[in-house]
Structure formats: C-alpha cells, structure tokens
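# Quick one, fold the following:
(chains A and B)
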Amino acid sequence: DTEVTQTPKHLVMGMTNKKSLKCEQHMGHRAMYWYKQKAKKPPELMFVYSYEKLSINESVPSRFSPECPNSSLLNLHLHALQPEDSALYLCASSQDRASSREKLFFGSGTQLSVL
Amino acid sequence: DAKTTQPPSMDCAEGRAANLPCNHSTISGNEYVYWYRQIHSQGPQYIIHGLKNNETNEMASLIITEDRKSSTLILPHATLRDTAVYYCIVRAPPTTSGTYKYIFGTGTRLKVLA
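Prediction:
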C-alpha cells in the first residue's frame, strides 16, 4: 500500500462552522505533512508531525489546528475560517530518515470552499 | 532554506524531449533536489531526485551541474499525458527535531502539443 488517503475530497463550509480534514497512510511513515495550495500557486508548507509530535508550524493561524492521533492518522481541524482560506489542502507522508531514498508521498487533496 | 527558480511555462512537441530547467544557486552541500509534477489539482506525483550525480529512472532523467547550482529534468519522449505543472524542490537539512522540510519552487507549466 503506497497510498495517502484524504477525506473528504470536497468540502464547503460557512465561516462559523467547525470541520475536520482527515489523512491516513499505512506505509509506516513517521512524518506527516499538511500543505495549503491556492489556485495556480505552489503548495505551501503548514505543519509537519514527526513521530506523532508537532515538529514544524509555519506560523499558521490558530483557526487551523492539527492533530496526530497515531502514526497513521493526521487531522486538520478547521474553525472560524475566512473565505481566503479556500484552497486545496494536501497531506503528505515520508519515512523521515536520513536516507537517499527518502521522498514525499502525497494524497489527492481536499478542495475546501469557505462561504 | 534554499530557494528554486523555474520558468513559468514551456511548450514541447509530442514525441520530443522536454528539458525543464531549475536554478537553485543557494543550495547547500547536503540538500537534495527533487522533482514532482501535478496534474489538474491532483496531489503532486514524485518523479525523481538526486544529490550530486545524474539520475535516471523509468520516468525521467535528472542532470545536476557540477557546482549544483542548477539542474534539468528531462522527459525523453513527451506525451500529451505529460502536460502538467512541474515543481523543482529542495529538501532542506533536518531541523533540530530531525524533520525535513520540502520547499516547493514556483513551478513550470509544461504543455505538450500534438
């Protein structure tokens, strides 16, 4: 299994809603990532978890709250978002080792629209 | 963290080689260069990566200059299905917690023409 699975594929939410994005991998990877991608722009790193602990937070607003319940799962909790937060949210995973074979595996993303 | 610079767009005739350049002049000695592509808002797909030596796999070849300040991704026989945005990425050295950051460049929109 070399897949990273993201759900839902599409999400529409109001600015007062609370929702969660989910990401799952069963490759035994120890690092999991959240990226945000606006239309026609490259993905921007948001968070990195390593061994289930938050390792990198790229100064992301607190209305985005990541959670890593176990080594296979990664959630992104959303609350009080703004319309400008509408974007494609990508999850990725990697072994997180000093190996020449190290690389990122991406999910297909969640397309989020905030109304 | 090293940054990458890519041309915003390129065209290539079907069946011809597509050569996509990337500049990473501030790269340090232990930073890898990765290439990914993204088709129509799907998740980015891994193509190839390297440190110093040229690399080849079933998808592409990666040529890294001797000073490592630039690289070229080569798709030897481009097809219509290779139309995508191609990203050159530098993997920064690990943080104090041992985590790697993958920083995307601006990407090149490759259009393969019939």
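# Name the residues that touch stretch B:61-80?
B:12-25, B:27, B:29, B:33, B:35, B:47-56, B:59-60, B:82, B:86, B:88, B:110, B:112, B:114 (C-beta atoms under 8 Å, 6 or more residues apart in numbering or on different chains). Yep, even glycine has a C-beta here, placed from its N, CA and C like the rest.
# Now do the SS call for B:R81.
At B:R81 the chain is in helix, as set by DSSP: H, G, I helix; E, B strand; the rest coil.
# can you count the residues close to the closest residue to A:P83 other than its chain neighbours?
Using C-beta to C-beta, 6 or more residues apart in numbering or on different chains and skipping the chain neighbours, the partner closest in space to A:P83 is A:V114 (5.0 Å). Under the neighbour criterion other C-beta atoms under 10 Å in any protein chain shown, A:V114 is assigned a count of 19.
# Does the residue of chain A most remote from its centre belong to a helix, a strand or coil?
In chain A, the residue that sits farthest from the middle, by C-alpha atoms, centre = their mean, is A:S100; the gap is 24.3 Å. Secondary structure for A:S100, judged by three-state DSSP, is coil.
# residues in chain A within reach of chain B, list them.
When proximity is defined as C-beta under 8 Å from any C-beta of the partner chain, chain A approaches chain B at A:4, A:6, A:31, A:33, A:42-45, A:48, A:50, A:53, A:55-56, A:88, A:90, A:92, A:94, A:96, A:98, A:100, A:102-109, A:111.
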